[in-house]
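Novice: Can you look at this prediction? I've put the sequence above it.
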Amino acid sequence: QVQLVESGGGLVQAGGSLRLSCAASGLTFSSYVMGWFRQAPGKEREFVAAIRWSGGNTYYADSVEGRFTISRDNAANTVYLQMNSLKPDDTAVYYCAATRRYSRDYASYAYWGQGTQVTVSS
């Protein structure tokens with residue numbers, strides 16, 4: 001049974017930082033592209049970042065490029081999202097997800113975590 005468990009969300013002031021973690025089990029972690037998505041109230045789930053198995057290829061939404069960094073530790077079966085210079089518009093539930101093939105489309109991801117809330121106050 002595949003499980004993705006996010007942690008690290010919380011309340012932070014604008015300009016602050018948070019680091020999200022996603023621990024994976026039940027899958028061959030190094031075989032999957034790992035992604036982060038987010039969903040704000042009343043909005044569709046949107047792509048944030050993704051990383052290939054080797055960690056050498058990373059992808060970001062334009063809205064977070066230069067502020068967020070995705071990384072992974074295949075030995076620990078964990079993917080991270082370092083979020084700096086946070087803005088109120090970053091407020092959302094953040095989800096990690098796994099797919100065999102890189103995509104920015106959430107429908108392409110087979111496995112999902114339960115999400116962690118990130119709230120950025122102005």
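Specialist: Ah, there it is. Residues are numbered from 1 along each chain as shown.

Novice: quick one: which helix or strand includes the residue nearest to the spatial centre of the chain?
Specialist: Nearest to the geometric centre of the chain sits residue 36, at 2.4 Å (C-alpha atoms, centre = their mean). Using DSSP states H and E, residue 36 sits within strand 33-39.

Novice: After that strand, heading C-terminal, what element do we hit next?
Specialist: Defined by DSSP H and E, the subsequent element after strand 33-39 is strand 46-51.

Novice: Show me the strands paired with that following strand, marking each as parallel or antiparallel.
Specialist: Strands that pair with strand 46-51, judged by DSSP bridges, come out as strand 33-39 (antiparallel), strand 58-60 (antiparallel).

Novice: contacting residues around it?
Specialist: 33-39, 57-61, 64, 68, 70-72, 79, 81, 94, 102-106 (C-beta atoms under 8 Å, 6 or more residues apart in numbering). Using the backbone N, CA and C atoms, a C-beta is placed for each residue, glycine as well.

Novice: one more time with 7 Å
Specialist: 33-38, 58-61, 64, 68, 70-72, 79, 81, 102, 104 (C-beta atoms under 7 Å, 6 or more residues apart in numbering).

Novice: same deal with stretch 92-104?
Specialist: By C-beta under 7 Å, 6+ apart, stretch 92-104 touches 4, 6, 9, 20, 22, 24, 27, 32-40, 47, 50, 52, 59, 79, 108-113, 115-118.
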